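>>> Sequence and predicted structure are below.
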Amino acid sequence: SDVCSSDLPEMLRDGSLVINSCYTQAREVEVLYNELVKLVNAKPDEIAPKDILVLCSDIDAYAPYIRAVFNHAPYTFNYTISDQKITEGASLFADLKNLLELTSDSMKAETVMELLESKNISARFDISQFDLIRNAIQEANIRCGISGEQDNDTRLVSWEYGLQRISLGWCISGSPQYTAPSGDTLLPIDTVEGDNIFELVKFHHFASQLLHHLAIRKNPRTVGNWVNYVREVVDDMLLIDNEQESGDYHELIAFLDKYQQQANDIEELVTYEVFAYQFTGALQSETRQHMFGRGGVLFCSLIPMRSIPHKVVAILGMNYNEFPRKDSRPNFDLQKQQPSPGDRNIRNNDKHLMLETLLSAKEHLIISYLGLDIKDNATIPPSALVDELIQYIIEGLPQPDIQMRNSIIVKHPLHSFSSRYGAGGANGLTSYLS
(Lines give C-alpha, C1' and ligand atoms only; values in the text may rest on other atoms or scores of the structure.)
Protein backbone atom coordinates (compact mmCIF):
# COMPACT_ATOMS: atom_id res chain seq x y z
CA SER A 1 0.00 0.00 0.00
CA ASP A 2 1.04 3.65 -0.35
CA VAL A 3 0.20 5.99 2.48
CA CYS A 4 -3.28 6.44 3.86
CA SER A 5 -3.29 9.29 6.35
CA SER A 6 -6.76 8.31 7.51
CA ASP A 7 -5.33 5.02 8.83
CA LEU A 8 -2.84 6.80 11.10
CA PRO A 9 -3.66 7.62 14.70
CA GLU A 10 -4.20 11.29 15.48
CA MET A 11 -0.78 11.62 17.12
CA LEU A 12 0.97 10.61 13.86
CA ARG A 13 -0.93 12.93 11.51
CA ASP A 14 0.83 16.17 12.42
CA GLY A 15 3.74 15.59 10.02
CA SER A 16 6.35 15.68 12.77
CA LEU A 17 7.69 12.33 11.50
CA VAL A 18 7.81 11.38 7.81
CA ILE A 19 9.46 8.21 6.49
CA ASN A 20 9.77 8.07 2.69
CA SER A 21 10.52 5.01 0.59
CA CYS A 22 11.95 5.87 -2.85
CA TYR A 23 13.35 4.14 -5.90
CA THR A 24 16.54 6.17 -6.46
CA GLN A 25 18.76 8.76 -4.79
CA ALA A 26 17.51 11.38 -7.25
CA ARG A 27 13.93 10.67 -6.18
CA GLU A 28 14.98 10.94 -2.52
CA VAL A 29 16.19 14.50 -3.14
CA GLU A 30 13.06 15.40 -5.14
CA VAL A 31 10.81 14.06 -2.41
CA LEU A 32 12.85 15.96 0.19
CA TYR A 33 12.41 19.19 -1.77
CA ASN A 34 8.63 18.67 -1.87
CA GLU A 35 8.55 18.05 1.89
CA LEU A 36 10.56 21.20 2.61
CA VAL A 37 8.39 23.42 0.42
CA LYS A 38 5.30 21.95 2.05
CA LEU A 39 6.64 22.71 5.54
CA VAL A 40 7.78 26.26 4.70
CA ASN A 41 4.44 27.03 3.03
CA ALA A 42 2.56 25.74 6.08
CA LYS A 43 4.69 27.75 8.53
CA PRO A 44 6.19 30.70 6.62
CA ASP A 45 6.80 32.74 9.77
CA GLU A 46 8.24 29.88 11.82
CA ILE A 47 10.50 27.85 9.50
CA ALA A 48 13.30 29.44 7.45
CA PRO A 49 15.98 27.68 5.34
CA LYS A 50 18.53 28.19 8.12
CA ASP A 51 16.33 26.04 10.39
CA ILE A 52 16.72 22.99 8.11
CA LEU A 53 19.51 20.41 8.42
CA VAL A 54 19.89 17.54 5.91
CA LEU A 55 22.23 14.68 6.82
CA CYS A 56 23.39 12.34 4.03
CA SER A 57 24.93 8.92 4.49
CA ASP A 58 27.15 9.62 1.44
CA ILE A 59 27.33 13.34 0.67
CA ASP A 60 29.47 12.82 -2.46
CA ALA A 61 26.81 10.57 -4.00
CA TYR A 62 23.92 12.93 -3.20
CA ALA A 63 25.62 16.26 -4.05
CA PRO A 64 25.01 16.13 -7.85
CA TYR A 65 21.30 15.40 -7.30
CA ILE A 66 21.03 18.16 -4.69
CA ARG A 67 22.42 20.70 -7.14
CA ALA A 68 20.29 19.40 -10.01
CA VAL A 69 17.05 19.64 -8.02
CA PHE A 70 17.60 22.74 -5.87
CA ASN A 71 19.26 24.83 -8.60
CA HIS A 72 16.41 24.32 -11.07
CA ALA A 73 13.40 24.11 -8.77
CA PRO A 74 10.55 26.65 -9.12
CA TYR A 75 10.82 27.66 -5.45
CA THR A 76 14.44 28.34 -4.57
CA PHE A 77 16.20 27.65 -1.28
CA ASN A 78 19.56 29.06 -0.27
CA TYR A 79 21.68 26.05 0.57
CA THR A 80 25.25 24.96 1.25
CA ILE A 81 26.90 21.56 0.87
CA SER A 82 29.53 20.72 3.47
CA ASP A 83 31.90 17.76 3.89
CA GLN A 84 32.03 17.03 0.16
CA LYS A 85 35.41 15.98 -1.24
CA ILE A 86 37.05 18.91 -2.98
CA THR A 87 37.77 16.82 -6.09
CA GLU A 88 34.09 15.97 -6.63
CA GLY A 89 32.01 17.80 -9.22
CA ALA A 90 33.11 20.44 -11.71
CA SER A 91 35.71 22.30 -9.69
CA LEU A 92 39.26 23.60 -9.91
CA PHE A 93 40.45 20.64 -7.81
CA ALA A 94 38.76 18.10 -10.10
CA ASP A 95 40.37 19.64 -13.19
CA LEU A 96 43.79 19.63 -11.52
CA LYS A 97 43.36 16.00 -10.47
CA ASN A 98 42.45 15.00 -14.04
CA LEU A 99 45.49 16.85 -15.41
CA LEU A 100 47.83 15.17 -12.94
CA GLU A 101 46.40 11.71 -13.63
CA LEU A 102 46.83 12.08 -17.39
CA THR A 103 49.74 10.01 -18.72
CA SER A 104 51.20 9.31 -22.13
CA ASP A 105 49.43 5.94 -22.12
CA SER A 106 46.04 7.41 -21.23
CA MET A 107 46.30 10.35 -23.62
CA LYS A 108 43.52 9.25 -25.92
CA ALA A 109 41.72 11.73 -28.17
CA GLU A 110 38.42 11.63 -26.27
CA THR A 111 40.18 11.87 -22.89
CA VAL A 112 41.91 15.07 -23.99
CA MET A 113 38.61 16.45 -25.33
CA GLU A 114 36.95 15.79 -21.95
CA LEU A 115 39.75 17.77 -20.31
CA LEU A 116 39.39 20.60 -22.81
CA GLU A 117 35.62 20.82 -22.30
CA SER A 118 36.01 21.47 -18.58
CA LYS A 119 35.16 25.07 -17.71
CA ASN A 120 38.45 26.17 -16.17
CA ILE A 121 40.63 24.76 -18.97
CA SER A 122 38.51 25.92 -21.93
CA ALA A 123 38.28 29.42 -20.40
CA ARG A 124 42.07 29.51 -19.90
CA PHE A 125 42.63 28.98 -23.65
CA ASP A 126 39.47 30.81 -24.77
CA ILE A 127 38.13 27.78 -26.66
CA SER A 128 34.42 27.31 -27.31
CA GLN A 129 33.97 25.46 -30.64
CA PHE A 130 34.44 21.92 -29.39
CA ASP A 131 32.73 20.25 -32.37
CA LEU A 132 35.15 21.98 -34.73
CA ILE A 133 38.12 20.75 -32.74
CA ARG A 134 36.74 17.24 -32.45
CA ASN A 135 36.29 17.08 -36.24
CA ALA A 136 39.86 18.34 -36.77
CA ILE A 137 41.18 15.60 -34.46
CA GLN A 138 39.27 12.99 -36.45
CA GLU A 139 40.53 14.41 -39.76
CA ALA A 140 44.11 14.27 -38.43
CA ASN A 141 43.52 10.65 -37.37
CA ILE A 142 44.74 11.34 -33.83
CA ARG A 143 43.99 8.35 -31.61
CA CYS A 144 46.45 7.97 -28.71
CA GLY A 145 50.08 8.23 -27.73
CA ILE A 146 52.38 11.24 -27.72
CA SER A 147 54.89 10.36 -30.45
CA GLY A 148 54.24 6.72 -31.35
CA GLU A 149 56.73 4.48 -33.17
CA GLN A 150 57.64 4.24 -36.83
CA ASP A 151 58.10 0.47 -36.72
CA ASN A 152 54.45 -0.35 -35.94
CA ASP A 153 52.96 2.78 -37.58
CA THR A 154 51.61 4.14 -34.27
CA ARG A 155 53.47 7.33 -35.21
CA LEU A 156 50.69 8.00 -37.73
CA VAL A 157 47.99 8.14 -35.02
CA SER A 158 50.04 10.02 -32.41
CA TRP A 159 49.46 13.54 -31.10
CA GLU A 160 52.75 14.96 -32.39
CA TYR A 161 52.13 13.72 -35.93
CA GLY A 162 48.48 14.84 -35.95
CA LEU A 163 49.22 18.31 -34.55
CA GLN A 164 51.79 18.86 -37.29
CA ARG A 165 49.13 18.02 -39.90
CA ILE A 166 46.67 20.43 -38.30
CA SER A 167 49.20 23.31 -38.12
CA LEU A 168 50.31 22.78 -41.73
CA GLY A 169 46.67 23.08 -42.77
CA TRP A 170 46.64 26.81 -42.00
CA CYS A 171 50.32 27.43 -42.93
CA ILE A 172 50.60 25.92 -46.43
CA SER A 173 47.00 25.57 -47.55
CA GLY A 174 46.59 23.70 -50.83
CA SER A 175 49.84 21.71 -50.67
CA PRO A 176 49.32 17.97 -51.29
CA GLN A 177 52.07 16.87 -48.89
CA TYR A 178 55.06 18.10 -46.98
CA THR A 179 58.23 16.43 -45.74
CA ALA A 180 59.17 17.67 -42.27
CA PRO A 181 62.80 18.01 -41.08
CA SER A 182 62.13 15.01 -38.83
CA GLY A 183 61.49 12.89 -41.92
CA ASP A 184 57.71 12.65 -41.49
CA THR A 185 55.68 12.85 -44.66
CA LEU A 186 52.64 14.96 -43.73
CA LEU A 187 49.32 15.59 -45.46
CA PRO A 188 48.03 19.01 -44.29
CA ILE A 189 44.47 19.18 -42.87
CA ASP A 190 42.98 21.93 -45.02
CA THR A 191 39.32 21.76 -43.97
CA VAL A 192 38.96 24.91 -41.88
CA GLU A 193 38.84 28.46 -43.22
CA GLY A 194 38.32 32.02 -42.02
CA ASP A 195 38.13 32.90 -38.34
CA ASN A 196 37.71 29.23 -37.39
CA ILE A 197 41.45 28.84 -37.95
CA PHE A 198 42.06 30.87 -34.77
CA GLU A 199 40.15 28.22 -32.81
CA LEU A 200 42.57 25.56 -34.09
CA VAL A 201 45.53 27.79 -33.21
CA LYS A 202 44.24 28.00 -29.62
CA PHE A 203 43.74 24.24 -29.51
CA HIS A 204 47.27 23.70 -30.84
CA HIS A 205 48.58 25.89 -28.02
CA PHE A 206 46.58 23.90 -25.46
CA ALA A 207 47.83 20.55 -26.78
CA SER A 208 51.43 21.81 -26.92
CA GLN A 209 51.25 22.93 -23.29
CA LEU A 210 49.80 19.57 -22.32
CA LEU A 211 52.57 17.67 -24.14
CA HIS A 212 55.20 19.92 -22.56
CA HIS A 213 54.00 19.21 -19.02
CA LEU A 214 53.90 15.48 -19.77
CA ALA A 215 57.44 15.55 -21.18
CA ILE A 216 59.06 17.19 -18.14
CA ARG A 217 57.75 14.47 -15.84
CA LYS A 218 60.40 11.97 -16.97
CA ASN A 219 63.19 12.96 -14.60
CA PRO A 220 62.91 12.29 -10.84
CA ARG A 221 62.69 15.29 -8.50
CA THR A 222 62.36 16.03 -4.83
CA VAL A 223 58.83 16.26 -3.47
CA GLY A 224 59.21 20.02 -3.04
CA ASN A 225 60.13 20.42 -6.71
CA TRP A 226 57.16 18.29 -7.73
CA VAL A 227 54.90 20.63 -5.77
CA ASN A 228 56.40 23.51 -7.75
CA TYR A 229 55.58 21.54 -10.90
CA VAL A 230 51.93 21.36 -9.76
CA ARG A 231 51.96 25.14 -9.30
CA GLU A 232 53.20 25.50 -12.91
CA VAL A 233 50.39 23.26 -14.15
CA VAL A 234 47.81 25.38 -12.33
CA ASP A 235 49.24 28.64 -13.75
CA ASP A 236 49.56 27.33 -17.32
CA MET A 237 46.43 25.21 -17.71
CA LEU A 238 43.68 26.62 -15.45
CA LEU A 239 41.82 29.92 -15.27
CA ILE A 240 40.28 31.36 -12.11
CA ASP A 241 37.63 33.88 -13.19
CA ASN A 242 34.91 34.02 -10.53
CA GLU A 243 34.47 34.21 -6.77
CA GLN A 244 33.87 30.49 -6.20
CA GLU A 245 36.93 29.44 -8.20
CA SER A 246 38.97 32.22 -6.60
CA GLY A 247 38.11 30.74 -3.21
CA ASP A 248 39.06 27.29 -4.48
CA TYR A 249 42.33 28.70 -5.81
CA HIS A 250 43.32 30.19 -2.46
CA GLU A 251 42.37 26.93 -0.76
CA LEU A 252 44.50 25.01 -3.26
CA ILE A 253 47.48 27.30 -2.72
CA ALA A 254 47.12 26.82 1.05
CA PHE A 255 47.01 23.04 0.53
CA LEU A 256 50.17 23.18 -1.66
CA ASP A 257 52.00 25.34 0.89
CA LYS A 258 51.13 22.91 3.66
CA TYR A 259 52.11 19.90 1.56
CA GLN A 260 55.42 21.50 0.56
CA GLN A 261 56.21 22.45 4.15
CA GLN A 262 55.74 18.85 5.24
CA ALA A 263 58.00 17.65 2.42
CA ASN A 264 60.87 20.09 2.98
CA ASP A 265 62.83 17.54 5.00
CA ILE A 266 62.58 14.90 2.26
CA GLU A 267 65.56 15.32 -0.07
CA GLU A 268 65.26 11.95 -1.76
CA LEU A 269 64.43 12.02 -5.47
CA VAL A 270 61.16 10.34 -6.42
CA THR A 271 59.53 9.61 -9.76
CA TYR A 272 56.42 11.46 -10.87
CA GLU A 273 54.31 8.30 -10.61
CA VAL A 274 55.16 7.91 -6.92
CA PHE A 275 54.51 11.59 -6.20
CA ALA A 276 51.24 11.71 -8.16
CA TYR A 277 49.87 8.61 -6.43
CA GLN A 278 50.42 10.10 -2.98
CA PHE A 279 49.52 13.69 -3.88
CA THR A 280 46.21 12.93 -5.61
CA GLY A 281 45.29 10.61 -2.74
CA ALA A 282 45.92 13.43 -0.25
CA LEU A 283 43.97 15.85 -2.46
CA GLN A 284 40.96 13.53 -2.63
CA SER A 285 40.90 13.14 1.14
CA GLU A 286 40.31 16.88 1.65
CA THR A 287 36.70 17.95 2.29
CA ARG A 288 34.85 21.26 2.23
CA GLN A 289 34.23 21.51 5.96
CA HIS A 290 34.58 25.31 5.84
CA MET A 291 31.16 25.43 4.16
CA PHE A 292 29.48 24.35 7.40
CA GLY A 293 27.02 26.83 8.85
CA ARG A 294 27.06 29.49 6.11
CA GLY A 295 23.29 29.93 6.10
CA GLY A 296 20.38 28.42 4.20
CA VAL A 297 19.55 24.71 4.08
CA LEU A 298 22.63 22.81 5.23
CA PHE A 299 23.53 19.50 3.58
CA CYS A 300 26.32 17.59 5.28
CA SER A 301 27.62 14.14 6.12
CA LEU A 302 26.14 11.92 8.78
CA ILE A 303 29.01 12.16 11.24
CA PRO A 304 29.21 12.51 15.05
CA MET A 305 28.89 15.93 16.71
CA ARG A 306 27.18 17.38 13.63
CA SER A 307 23.61 17.02 14.92
CA ILE A 308 23.13 20.61 16.10
CA PRO A 309 19.45 21.16 17.04
CA HIS A 310 17.34 22.37 14.10
CA LYS A 311 13.60 22.77 13.68
CA VAL A 312 13.67 20.43 10.68
CA VAL A 313 16.10 17.53 10.38
CA ALA A 314 16.17 15.20 7.37
CA ILE A 315 18.23 12.05 6.86
CA LEU A 316 18.91 10.69 3.36
CA GLY A 317 20.23 7.22 2.54
CA MET A 318 19.07 5.16 5.51
CA ASN A 319 19.34 2.02 3.38
CA TYR A 320 19.24 -1.62 4.27
CA ASN A 321 22.64 -3.13 5.08
CA GLU A 322 24.37 0.26 4.67
CA PHE A 323 23.59 1.96 7.96
CA PRO A 324 24.86 1.27 10.58
CA ARG A 325 28.03 1.01 8.56
CA LYS A 326 30.10 -2.17 8.59
CA ASP A 327 33.61 -2.50 9.92
CA SER A 328 35.75 -2.62 6.78
CA ARG A 329 39.04 -3.32 8.51
CA PRO A 330 40.91 -6.43 7.28
CA ASN A 331 40.65 -9.64 9.28
CA PHE A 332 44.33 -9.51 10.25
CA ASP A 333 43.84 -6.18 12.04
CA LEU A 334 44.91 -6.86 15.64
CA GLN A 335 42.44 -4.37 17.12
CA LYS A 336 39.65 -6.15 15.28
CA GLN A 337 40.83 -9.59 16.41
CA GLN A 338 41.40 -8.57 20.04
CA PRO A 339 39.23 -5.51 20.82
CA SER A 340 39.87 -3.69 24.07
CA PRO A 341 37.52 -1.50 26.11
CA GLY A 342 37.39 1.95 24.61
CA ASP A 343 38.21 0.88 21.04
CA ARG A 344 36.06 2.49 18.37
CA ASN A 345 33.04 0.44 17.30
CA ILE A 346 31.57 1.77 14.03
CA ARG A 347 28.16 0.15 14.44
CA ASN A 348 27.72 1.39 18.00
CA ASN A 349 28.89 4.86 16.97
CA ASP A 350 26.28 4.95 14.20
CA LYS A 351 23.56 3.83 16.60
CA HIS A 352 24.51 6.67 18.94
CA LEU A 353 24.62 9.03 15.97
CA MET A 354 21.06 8.06 15.05
CA LEU A 355 19.92 8.79 18.59
CA GLU A 356 21.70 12.17 18.51
CA THR A 357 19.91 13.01 15.26
CA LEU A 358 16.50 12.10 16.66
CA LEU A 359 17.09 14.32 19.68
CA SER A 360 18.28 17.24 17.54
CA ALA A 361 15.01 17.40 15.54
CA LYS A 362 13.00 20.03 17.43
CA GLU A 363 9.80 19.96 15.33
CA HIS A 364 10.05 17.77 12.22
CA LEU A 365 12.03 14.66 11.30
CA ILE A 366 12.18 13.39 7.69
CA ILE A 367 13.79 10.03 6.90
CA SER A 368 14.21 8.56 3.43
CA TYR A 369 15.75 5.38 2.06
CA LEU A 370 15.87 3.25 -1.09
CA GLY A 371 12.91 0.99 -0.37
CA LEU A 372 11.80 -0.08 -3.85
CA ASP A 373 13.84 -1.92 -6.48
CA ILE A 374 13.99 0.03 -9.73
CA LYS A 375 14.16 -3.19 -11.81
CA ASP A 376 11.46 -5.48 -10.41
CA ASN A 377 9.60 -3.16 -8.00
CA ALA A 378 10.45 -5.43 -5.07
CA THR A 379 10.21 -3.98 -1.56
CA ILE A 380 13.54 -3.36 0.18
CA PRO A 381 13.59 -2.95 3.97
CA PRO A 382 15.13 0.18 5.51
CA SER A 383 18.06 0.34 7.88
CA ALA A 384 17.72 -1.77 11.00
CA LEU A 385 17.72 1.45 13.05
CA VAL A 386 14.73 2.81 11.09
CA ASP A 387 12.99 -0.53 11.62
CA GLU A 388 13.59 -0.21 15.36
CA LEU A 389 12.21 3.34 15.32
CA ILE A 390 9.03 2.25 13.53
CA GLN A 391 8.60 -0.69 15.91
CA TYR A 392 9.07 1.62 18.91
CA ILE A 393 6.41 4.01 17.55
CA ILE A 394 3.92 1.19 16.97
CA GLU A 395 4.46 -0.23 20.45
CA GLY A 396 3.79 3.21 21.93
CA LEU A 397 0.36 3.53 20.33
CA PRO A 398 -2.78 3.02 22.44
CA GLN A 399 -3.66 0.04 20.24
CA PRO A 400 -0.45 -1.40 18.77
CA ASP A 401 -0.95 -2.98 15.35
CA ILE A 402 1.92 -4.29 13.20
CA GLN A 403 -0.13 -3.46 10.07
CA MET A 404 0.25 0.20 10.99
CA ARG A 405 3.80 -0.01 9.59
CA ASN A 406 2.47 0.23 6.02
CA SER A 407 0.70 3.48 6.92
CA ILE A 408 3.77 5.05 8.53
CA ILE A 409 6.05 4.49 5.49
CA VAL A 410 5.22 6.65 2.46
CA LYS A 411 5.98 4.83 -0.81
CA HIS A 412 6.70 7.28 -3.63
CA PRO A 413 6.36 6.52 -7.36
CA LEU A 414 9.30 6.07 -9.69
CA HIS A 415 8.84 9.41 -11.48
CA SER A 416 8.07 12.89 -10.21
CA PHE A 417 5.44 13.36 -12.96
CA SER A 418 3.33 10.43 -11.71
CA SER A 419 -0.41 11.04 -11.73
CA ARG A 420 -0.46 10.26 -8.00
CA TYR A 421 1.03 13.68 -7.30
CA GLY A 422 -1.60 16.34 -6.97
CA ALA A 423 -4.47 13.91 -7.51
CA GLY A 424 -5.87 14.53 -4.02
CA GLY A 425 -7.54 11.79 -2.06
CA ALA A 426 -6.08 9.79 0.76
CA ASN A 427 -2.56 9.38 -0.58
CA GLY A 428 -1.65 12.96 0.31
CA LEU A 429 1.26 13.17 -2.19
CA THR A 430 2.20 16.65 -3.37
CA SER A 431 4.81 17.75 -5.90
CA TYR A 432 6.07 21.29 -6.47
CA LEU A 433 8.51 20.35 -9.24
CA SER A 434 6.12 20.16 -12.19
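Nice, thanks for sending it over. Residues are numbered from 1 along each chain as shown.
>>> Roughly how far does residue 227 sit from residue 214?
Remark: distance between residue 227 and residue 214 (C-beta to C-beta, to the nearest Å) = 18 Å. Yep, even glycine has a C-beta here, placed from its N, CA and C like the rest.
>>> cool, residue 277 as well?
Distance from residue 277 to residue 214, by C-beta to C-beta: 16 Å.
>>> same deal with residue 431?
50 Å.
>>> Residue 136 now?
For residue 136, the distance to residue 214 equals 21 Å [C-beta to C-beta].
>>> same deal with residue 326?
Residue 326 is 41 Å from residue 214, where distance means C-beta to C-beta.
>>> Excluding residues flanking it in the chain, which one is nearest residue 240?
Closest residue in space to residue 240, ignoring its immediate chain neighbours: residue 249 at 4.4 Å, by C-beta to C-beta, 6 or more residues apart in numbering.
>>> for residue 353, same thing?
Leaving aside its chain neighbours, residue 353 sits nearest to residue 304 (5.6 Å; criterion: C-beta to C-beta, 6+ apart).
>>> what do you get for residue 382?
residue 369 (4.4 Å).
>>> Quick check: phi and psi at residue 63.
Torsion angles at residue 63 (phi, psi; degrees, to the nearest 10) stand at phi -60, psi -50.
>>> tell me the contacts of it?
Counting by C-beta atoms under 8 Å, 6 or more residues apart in numbering, residue 63 touches 81, 84, 88, 89, 299.
>>> so how far is residue 348 from the third one?
Which is residue 88. 29 Å.
>>> more neighbours, those two?
Ranked by neighbour count (other C-beta atoms under 10 Å), residue 88 and residue 348 place residue 88 first, with 19 against 10.
>>> wait, what's in contact with that one?
60, 63, 94.
>>> Among residue 277 and residue 214, which residue is more densely surrounded?
Remark: of residue 277 and residue 214, residue 214 carries more neighbours, 17 against 12, as counted by other C-beta under 10 Å.
>>> name the element that one belongs to?
helix 196-215 (DSSP states H and E).
>>> Starting from that helix, tell me the next helix or strand along the chain.
helix 223-237.
>>> Okay, buried residues for that next one please.
223, 224, 226, 227, 229, 230, 233, 234, 237 (16 or more other C-beta atoms under 10 Å).
>>> quick one: the helix or strand just after that helix to helix 223-237, angle?
Scanning forward in sequence from helix 223-237 by DSSP H and E, the next helix or strand is helix 243-263. Angle between the axes of helix 243-263 and helix 223-237 is 160 degrees (criterion: axes from the mean of the first three to the mean of the last three C-alpha atoms, to 10 degrees).
>>> what's next to helix 243-263, contact-wise?
Under the criterion C-beta under 8 Å, 6+ apart, residues 86, 91-93, 96, 120, 222-224, 227-228, 230-231, 234, 240, 279, 282-283, 286, 290 lie in contact with helix 243-263.
>>> out of the buried residues of helix 223-237, who's nearest residue 144?
residue 237 (20.0 Å; C-beta to C-beta).
>>> Pull the contacting residues for the closest one.
Residues counted as contacts of residue 237 (C-beta under 8 Å, 6+ apart) are 95, 99, 121, 124, 209, 210, 213.
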